[in-house]
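Undergrad: Okay, sequence plus prediction incoming.
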Amino acid sequence: QVQLVESGGGLVQAGGSLRLSCAASGGIFSNYAMGWFRQAPGKEREFVATISRRGDRIVYADSVKGRFTISRDNAKNTIYLQMNILKPEDTAVYSCAARWLIGTTNSEDYGYWGQGTQVTVSS
């Protein structure tokens with residue numbers, strides 16, 4: 001059983017930056033691909049980024065490509081999402097998720113989720 005805890009959300013002005021963290025426990029972290037997803041009020045959950053077990057394969061949503069960077073530190077059982085040039089449309093609850101072995105862009109494929117952290121970008 002994997003437990004995930006996100007941190008690092010907050011309020012930031014448009015054009016600013018935030019770094020989210022997701023700490024994992026309860027499993028062998030390096031066996032799991034990891035993903036970030038977000039959900040804005042009244043909208044469906046959407047894919048943001050995914051990273052493979054060793055960090056050598058990364059996929060981003062088109063909406064964040066070039067602005068966000070996903071990374072992981074397997075020694076610390078943690079993944080990160082560096083978010084730069086934030087826009088008001090990035091406002092959402094951001095959640096990390098874990099999937100055994102291989103990551104995908106489909107949230108339904110992930111079996112473990114954190115509670116989420118709020119990111120609010122003001123214009």
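TA: On my side now, so go ahead.
Undergrad: that's a helix at Val93, yeah?
TA: No: counting by DSSP: H, G, I helix; E, B strand; the rest coil, Val93 is located in no helix; its state is strand.
Undergrad: where are the low-confidence patches of this protein?
TA: Of all residues in the chain, none has pLDDT under 70.
Undergrad: mind checking which helix or strand the residue sitting nearest the centre point of the chain is in?
TA: Residue closest to the mean C-alpha point of the chain, counted by CA atoms, centre = their mean, is Trp36 at 2.4 Å. Per DSSP states H and E, Trp36 falls inside strand 32-39.
Undergrad: roughly how far apart are the nearest residue to Trp100 once chain neighbours are set aside and Ser95?
TA: Once flanking residues are discounted, Trp100 sits nearest to Tyr32: 6.1 Å by CB to CB, 6 or more residues apart in numbering. (C-beta placed from N, C-alpha, C; glycine too.) Distance, Tyr32 to Ser95, using CB to CB, to the nearest Å: 15 Å.
Undergrad: Give me the more crowded residue out of these two.
TA: Neighbour totals were compared for Tyr32 and Ser95, and Tyr32 leads with 27 against 23 (other CB atoms under 10 Å).
Undergrad: which outside residues touch the helix or strand that the strand holding Trp36 is followed by?
TA: Using DSSP H and E, the helix or strand that follows strand 32-39 in sequence is strand 46-51. With contact meaning CB atoms under 8 Å, 6 or more residues apart in numbering, strand 46-51 is reached by 33-39, 57-61, 64, 68, 70-72, 79, 81, 94, 103-107.
Undergrad: Swap in 6 Å and give it another go.
TA: 34-38, 58-61, 64, 70, 72, 103, 105 (CB atoms under 6 Å, 6 or more residues apart in numbering).
Undergrad: can I get those in CSV with distance to Gly114?
TA: Below are those laid out as CSV (distance: CB to CB, whole Å):
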residue, distance to Gly114
Met34, 10
Gly35, 11
Trp36, 10
Phe37, 10
Arg38, 12
Ile58, 19
Val59, 19
Tyr60, 19
Ala61, 18
Val64, 18
Ile70, 14
Arg72, 14
Gly103, 15
Thr105, 18
